[in-house]
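J.: return atomic coordinates for the entry below.
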Amino acid sequence: MSLKIRLARAGSKKRPYYHIVVADARSPRDGRFLEIIGSWNPMLAKDAERVKVDGERAAHWLGHGAQATDRVLRFLDQAGVSKRDTRNNPTKGLPGKKAQERLAMAKQAEEEAAAKAAEAAAAAAAPAEEAASE
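T.: Model prediction:
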């Protein structure tokens, strides 16, 4: 029997509340489960205690081969029960080709404007130095 540590929804319409349960992978989301090991109330403020997990029972079930879903694994990682590998796709957050071209054009225009400003400042400073030396 494959076990999952997952969320089971409770609460009323538009007021979600979730139980963290250990269940057979084949049972429905809100169906039969073996044990409730915690809860998550997403309606509470982020600084409040939104997640409550019995770390000892979670470690017990993980030791018996239960697989935690990604969301529950985040909670267990925060509780220090298990380690969640971060998903790393460094190229996903980069802008597209056209946006990168626009950024390159804007950077080039800024460099040209800075060079012109430096030349103008140098040209303005040169006659002032000649006048001061005479």
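J.: I'd like the next helix or strand past the one helix or strand V22 maps to.
T.: Using DSSP states H and E, V22 maps to strand 15-24. Note on strand 15-24: by DSSP H and E, the next helix or strand toward the C-terminus is strand 35-40.
J.: beta partners for the nearest residue to R32 once chain neighbours are set aside?
T.: Leaving aside its sequence neighbours, R32 sits nearest to A23 (C-beta to C-beta, 6 or more residues apart in numbering; 6.7 Å). To be clear about C-beta, it is placed using only N, CA and C from the backbone, and glycine gets the same treatment. On the basis of DSSP bridges, A23 is bridged to K4.
J.: gap between A23 and G80?
T.: Going from A23 to G80 by C-beta to C-beta, to the nearest Å gives 23 Å.
J.: so how many other residues sit close to I36?
T.: Burial of I36 is recorded as 14 neighbouring residues (other C-beta atoms under 10 Å).
J.: what pairs with it across the strands?
T.: Here I36, judged by DSSP bridges, has bridge partners V21.
J.: and it, what does it touch?
T.: By C-beta atoms under 8 Å, 6 or more residues apart in numbering, I36 lies in contact with 19-21.
J.: redo these as CSV? Include neighbour count and pLDDT.
T.: Putting the contacts of I36 into CSV (neighbours: other C-beta atoms under 10 Å; pLDDT from 0 to 100) gives the following:
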residue, neighbour count, pLDDT
H19, 17, 96
I20, 27, 96
V21, 23, 96
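J.: let's have those in a markdown table, adding distance to L34.
T.: Formatted as a markdown table, the contacts of I36 follow (distance: C-beta to C-beta, whole Å):
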| residue | distance to L34 |
| --- | --- |
| H19 | 12 |
| I20 | 12 |
| V21 | 7 |
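J.: which among these gets closest to E49?
T.: E49 lies nearest to I20 out of the contacts of I36, by C-beta to C-beta, at 13.9 Å.
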